[in-house]
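S.K.: One predicted model, sequence on top.
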Amino acid sequence: MIDGQPFKQIGTPERGGIVCVADHASNYVPDNIELGIPAELLEQHVALDIGVDGIAARLARRHGMAAHVARVSRLVVDLHREEDHPAVVPTESDGHLIPGNIGANVEARLDRFHRPYHTALADWLDVGAPELILSIHSFTPKLANGGEERPWEVALLYNEDDRAARHAIRLFGDLGLNVGDNEPYSGRELNATMNRHAEAHGRPYCAIEIRQDLIGTRAEQARWAAMIADVAGRVALALA
């Protein structure tokens, strides 16, 4: 975090346009926070949503969809959790113990990372007044601690407001993709950022989950960014 901010903003939102939010795009851990985990875990899903940073950057720079992107790992503080969520500073993730977070000063982490991230996002959305918000995440082909293979290539999550998601599910399906409807987990349980910044304000949104093994390279990220931009544009037209 070059300027000390837990987020970066790429591009400027156009009023009535489409914007992108990426809560889990970074695996950065500040030097003064010791998580007590093997370094290789920082390259895995427990630390970040693989591929998402590249997709968000391409949506902003190539497709005109300004992006608000996290610059701190979810192992430091999970920006996609409510402040009072028991795992907002996780002590375990996907079977891995995070010993450095046991007894951590949660309030200090919220003050340093979580609150500035969400305050800036709220202000950015108020000024930008987008017609559609894209929340971009990725999911593992299979949980590291077991479980069935996840066949979906892309999925749409939502809580109460499924206006945009329903259109996106159909449109991604029309591209020949295996689309999950609130899979591999439910947006009714995991939708904190969009609950706060979209549903609470009546703003249409698409919470998009992409399977990680499909977006590991720059070429794959560019391909998916183009598909997402196309679908998002058609969703926005359908909602108009």
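M.R.: Perfect, thanks for sending it. Numbering: from 1, shown residues only.
S.K.: my guess is residue 168 contacts residue 235, does it?
M.R.: Yes: counting by CB atoms under 8 Å, residue 168 does reach residue 235; the two are 5.3 Å apart. Where C-beta positions appear, they are placed from N, C-alpha and C, glycine not excepted.
S.K.: How far does stretch 185-198 stretch from one end to the other?
M.R.: By CA to CA, to the nearest Å, the extent of stretch 185-198 from end to end equals 19 Å.
S.K.: hang on, I meant stretch 10-29
M.R.: Counting by CA to CA, the length from the leading to the trailing residue of stretch 10-29 is 21 Å.
S.K.: quick thing: my sequence starts at 751, can you match it?
M.R.: From this message on, residue numbering opens at 751, which makes the last subject stretch 760-779.
S.K.: buried sites along it?
M.R.: Within stretch 760-779, the residues scored as buried using 16 or more other CB atoms under 10 Å are 760-761, 763, 767-779.
S.K.: Strands along this protein, start to end?
M.R.: Assigned by DSSP state E, the strands in the chain fall at 757-760, 768-772, 817-820, 842-843, 846-847, 882-889, 904-907, 929-931, 955-961.
S.K.: OK, contacts around residue 797?
M.R.: For residue 797, the contact set (CB atoms under 8 Å, 6 or more residues apart in numbering) comprises 777, 791, 823-825.
S.K.: in this structure, which ranges drop under the pLDDT threshold?
M.R.: Of all residues in the chain, those with pLDDT under 70 make up the ranges 751-753, 894-897.
S.K.: hmm, what's the outermost residue in it?
M.R.: What lies farthest from the middle of the chain is residue 853; by CA atoms, centre = their mean that is 26.5 Å.
S.K.: so how far is residue 922 from that residue?
M.R.: Residue 853 sits 43 Å away from residue 922, going by CB to CB, to the nearest Å.
S.K.: do residue 819 as well
M.R.: Residue 819 is 22 Å from residue 922, where distance means CB to CB.
S.K.: and what of residue 797?
M.R.: Using CB to CB, residue 797 is found at 27 Å from residue 922.
S.K.: cool, and residue 911?
M.R.: Per CB to CB, residue 911 is found 18 Å from residue 922.
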